[in-house]
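1. sequence? don't have it. structure:
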Ligand SMILES: C[S@@+](CC[C@H](N)C(=O)[O-])C[C@H]1O[C@@H](n2cnc3c(N)ncnc32)[C@H](O)[C@@H]1O
C-alpha cells in the first residue's frame, strides 16, 4: 500500500521530503561541502525551496533568480489558477524571504537566468536549476552555470525523470554526455559534481522501479 502511494505521488510529481525539508541535492551539498557556502537558485516561485536552504544550510549568500513574468514559465496560466497573479507570487516570495534579504544573506535578481549570469560571481559552491523547463533553456542553464562553479561544486536541479518534464530529463542526459560527467539523481532531483567524470558507460545512474537512482 505504502509503495502504491509512493508510486502515485511520484507520478503526479509530488515530493516526499525525506531530508528534514531539504531536497536531495541540497541535502547532498549540506553533507559534503564544508564552510559557508555561496549558491544560486534559478527559479524561485513563492520561495519554498529557497527558504528551506536558507534555514537549514550553512549559507553565506544565496542568489535567487526569477523574472516573475508569465511568458518565462510555460505553465504560467496554471500557476495563476493556483496562486493568483504573478505579482502575488512575487509578493509571497518577498514576504517569505524578507528576513534573509534584510540580513544580506539572500539577493533576488528579477531577470532571466541568462541575463543574470554576468551579475553572479564565479567560484560558486552550488547552483540549483528550476527555472524555464524547456529543453533549450535547461541545457543553456546547465552550460552557463557549470562554468561558474568552483572545482568540486555541485550543479543540479529539479524535475529530472518527471513525467511532466521530459525536456528537462533530455537536457540533463545530453549535458551529462557532452561533459562526460557522473550524473546523480534521487526523487526528481539531479546533480553533477564539477570535475567528477562519468565512471561507467551507463551514465552513472540506474533506473529502479521507474525512478533513476544513484549507482
Ligand atoms: C517550478 S518554479 C520554481 C520553484 C522553486 N524552485 C521551489 O522549489 O520552490 C519555476 C520558476 O522559474 C521561473 N522562471 C521561468 N523562466 C525562468 C528563467 N529563464 N530564469 C529564471 N527563472 C525562470 C518562473 O517564474 C517560476 O517562478
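-> Nice, thanks for sending it over. Everything numeric in this text was worked out from a predicted model, so none of it was measured.
2. What is the longest strand of the chain by residue count?
-> Taking DSSP state E as the assignment, the strand of the chain that covers the most residues is strand 149-158.
3. Can you list the buried residues in the helix or strand that comes right after it?
-> Scanning forward in sequence from strand 149-158 by DSSP states H and E, the next helix or strand is helix 166-179. Taking 16 or more other Cβ atoms under 10 Å as the neighbour-count basis, helix 166-179 is seen to contain the buried residues 167, 168, 169, 171, 172, 173, 175, 176, 179. From N, CA and C alone the C-beta is placed, and that goes for glycine too.
4. same question, stretch 100-107
-> When neighbours are counted by 16+ other Cβ under 10 Å, the buried residues of stretch 100-107 are found to be 100, 106.
5. quick one: average pLDDT of the longest strand of the chain?
-> Confidence for strand 149-158, expressed as mean pLDDT, is 98.
6. Likewise for stretch 183-200?
-> 88.
7. Show me how far that stretch is from its chain's centre.
-> The gap between where stretch 183-200 is centred and where its chain is centred comes out at 13 Å by Cα atoms, centre = their mean, to the nearest Å.
8. what comes up buried for that stretch?
-> For stretch 183-200, burial by neighbour count (16+ other Cβ under 10 Å) applies to 183-194, 198.
9. For the chain, which segments count as strands?
-> Counting by DSSP E, the chain has these strands, from start to end: 37-42, 59-65, 106-109, 124-129, 149-158, 184-186, 189-193, 205-208, 211-214.
10. what's the most buried one of these?
-> The densest packing among these, expressed as mean neighbour count by mean count of other Cβ atoms under 10 Å, is seen in strand 124-129 with a mean of 27.
11. In its sheet, which strands sit next to that one, and in what direction?
-> In the sheet containing strand 124-129, its partner strands are strand 37-42 (parallel), strand 149-158 (parallel), by DSSP bridges.
12. Is there proximity between it and the ligand?
-> No: contact of strand 124-129 with the ligand is not found when judged by Cβ under 6 Å from any ligand atom; the minimum separation is 7.0 Å.
13. I appreciate the help and will end here.
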